[in-house]
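Trainee: Show me how the following folds:
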Amino acid sequence: MFSLLLIVLLCNFSLEPTLAQDFCVADLSAETTPSGYPCKAASSLNSDSFFFTGLETAGNVSNNIGAAVTPAFTQQFPAVNGLGVSIARLDLGPNGVIPLHIHPGGSEILLVVKGAISAGFISSSNTVYSKTLNVGDIMVFPRGLLHYQINAAKYNSIAFASFSSPVPGLQIVPLSLFASNLPSAVIEKTTFLSDSEVKRLKAFLGGSG
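Mentor: Below you'll find the predicted structure:
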């Protein structure tokens, strides 16, 4: 039994990626590559290079969805470049919602620190997993799956989302459909929505076509 456990552990360690260097603080002035931004010279770095402030400030929820996301991804926090981690603050006003969306680049873990948030995701087999999260609760959203967050409190709710990528990406389904110039006729055919409903949503979200 011990021998089998030792083999499994050794295999796991052998599968872990080996970092060629300790870190790679992004040089945002350079062109990005498929593997991320080039590294700043270590000689140009100091303690502030690994420090970020801004998540203590509430986002502006005075918008159509009553929500705001304050990210600390590579563009905002260059120190996470290449490390496979990032974080963001989520503010939800009363009735606020983060509509159905995906992160193509990473999985997400959501931690509620104020209020309550109803959250869920849809698997590729169309199974729905949902839960109302209270302060201290967490929920995971696997990479690339549709998911949402809705304020379940009568006051502002706050959560922090950590990601398994410094650039998790974001595509919000309603905005992709109704805030873009995708022709209404195409949306109607592919979503089975009426012409009047498509036009109403485009007007609400600022789309055209």
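Trainee: And Lys189, which helix or strand is it part of?
Mentor: Per DSSP states H and E: Lys189 is located in helix 184-191.
Trainee: The protein: strands as residue ranges?
Mentor: Counting by DSSP state E, the chain has strands at residues 67-72, 86-92, 97-102, 108-114, 116-122, 128-134, 138-141, 146-151, 157-163, 171-172.
Trainee: re the thing from before, how about the helix holding Lys189: buried residues?
Mentor: Ser184, Ile187, Glu188 (16 or more other Cβ atoms under 10 Å). All C-beta atoms are positioned from the backbone trio N, CA, C, and that covers glycine.
Trainee: Where does pLDDT dip in the chain?
Mentor: Residues of the chain meeting the criterion pLDDT under 70: 1-19.
Trainee: re the thing from before, need the buried residues of helix 184-191 in a markdown table with distance to Ile98, can you?
Mentor: What follows is the buried residues of helix 184-191, written out as a markdown table (distance: Cβ to Cβ, whole Å):
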| residue | distance to Ile98 |
| --- | --- |
| Ser184 | 25 |
| Ile187 | 21 |
| Glu188 | 25 |
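Trainee: ok, so of the residues you listed, who is nearest Gly169?
Mentor: Closest approach to Gly169 among these (Cβ to Cβ): Ile187, at 22.5 Å.
Trainee: What residues does Val135 make contact with?
Mentor: Listed by Cβ atoms under 8 Å, 6 or more residues apart in numbering, the contact partners of Val135 are Val112, Val113, Lys114, Gly115, Ala116.
Trainee: which one of the residues you listed is nearest Val61?
Mentor: Taking Cβ to Cβ as the measure, Gly115 is the one of these closest to Val61, at 12.1 Å.
Trainee: Hmm, the closest one is touching Asn156, no?
Mentor: Yes: Gly115 is in contact with Asn156 according to Cβ atoms under 8 Å; the separation is 6.4 Å.
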